[in-house]
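Q: I need the structure of the sequence given here:
(chains A and B)
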Amino acid sequence: SQQGEEDPQALSIQEGENATMNCSYKTSINNLQWYRQNSGRGLVHLILIRSNEREKHSGRLRVTLDTSKKSSSLLITASRAADTASYFCATASYGNNRLAFGKGNQVVVIP
Amino acid sequence: SAVISQKPSRDICQRGTSLTIQCQVDSQVTMMFWYRQQPGQSLTLIATANQGSEATYESGFVIDKFPISRPNLTFSTLTVSNMSPEDSSIYLCSAAGGWGEKLFFGSGTQLSVL
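A: Prediction:
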C-alpha cells in the first residue's frame, strides 16, 4: 500500500479562506514533507517536519504531525489565487532511500 | 538550495523512436531521481541515478526501456526508448543533498507519443 496518502479530495475555496488537507501514512517515518505543483510543472518543496516535531510554521503554512495516528495536515491560511495548485505529501521512511509521494490534493482558490 | 535545468520542456515524438531528457543541477548533489507522472496522478519513481554506476530501477521499470546515465554529481540523462503512446507522460528530474532531505525538481518534460 502507498505511503503518504492524502485524503482524495479537491478543494474549491474563496480567496481569503483557509484550506486544510490531510495525509496519512502506514509505516514509521523519519520526516514528512509537503510539496506544491502548479499546472503539471515541477514540484516545489514547501515544508519538512521531522518525526519528533508536532507542528511547524512557514509563512501562511502550518503543518501538524501526529505520529500516533500516522497522519499530517497542511493548513494554508488566508488563501490567494496563486495558491491554486496540487499539493502532495511525501514521507521519508527508515530503510527506504527515496520519498514516497501521496496522491495529491487539488486546491482551487477563487478570486 | 539547488536549481535544476531540465530539457526539453516538451516534445512530440513518433512511435518507435527514442528521446533523451537532460537534467543539469547547479551544484553537486548526492542523490538524483527520475519520476514519471501521468495527468492528474501522483509521482511514480522510475529509478535512482547513481554517479559512476548503473541506476537502481523500481519495479516495473527496466534499463533497456529507460537507460539512465549519471557521469558526475551534477548531470543525468534519462532516455525513453522505443516509445509507444503509453509512454506519454510528464517526466521529472529531482535531486537531493542526502537521504530524507527535501527534493529539488526540474520543471519537467511533457512527452507526447503519436
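Q: where does residue 68 fall, phi/psi-wise?
A: With no chain named, the answer covers chain A. Main-chain torsions, residue A:68, degrees, to the nearest 10: phi -70, psi -30.
Q: now it: how far from residue A:26?
A: To residue A:26, residue A:68 is 14 Å away according to C-beta to C-beta, to the nearest Å. Using the backbone N, CA and C atoms, a C-beta is placed for each residue, glycine as well.
Q: neighbour-wise, which of the two wins?
A: Ranked by neighbour count (other C-beta atoms under 10 Å in any protein chain shown), residue A:68 and residue A:26 place residue A:26 first, with 14 against 5.
Q: which residues touch residue A:13?
A: Residue A:13 sits next to A:19, A:79, A:107-110 when contact means C-beta atoms under 8 Å, 6 or more residues apart in numbering or on different chains.
Q: At the contact with chain A, which residues of chain B appear?
A: By C-beta under 8 Å from any C-beta of the partner chain, the residues of chain B that approach chain A are B:4, B:6, B:31, B:33, B:37, B:39, B:41-43, B:45, B:48, B:90, B:92, B:94, B:99-100, B:102-108, B:110.
Q: Repeat the analysis, applying 6 Å as the threshold.
A: Applying C-beta under 6 Å from any C-beta of the partner chain, we find that chain B lies next to chain A at B:42-43, B:45, B:90, B:92, B:99-100, B:102, B:105-108.
Q: on that earlier part again, out of the contacts of residue A:13, the closest to residue B:64 would be?
A: For the contacts of residue A:13, the closest approach to residue B:64 (C-beta to C-beta) belongs to residue A:107, at 39.3 Å.
Q: my read is residue A:63 is in a helix, agree?
A: No: in this structure, residue A:63 is strand, not part of a helix, as judged by DSSP: H, G, I helix; E, B strand; the rest coil.
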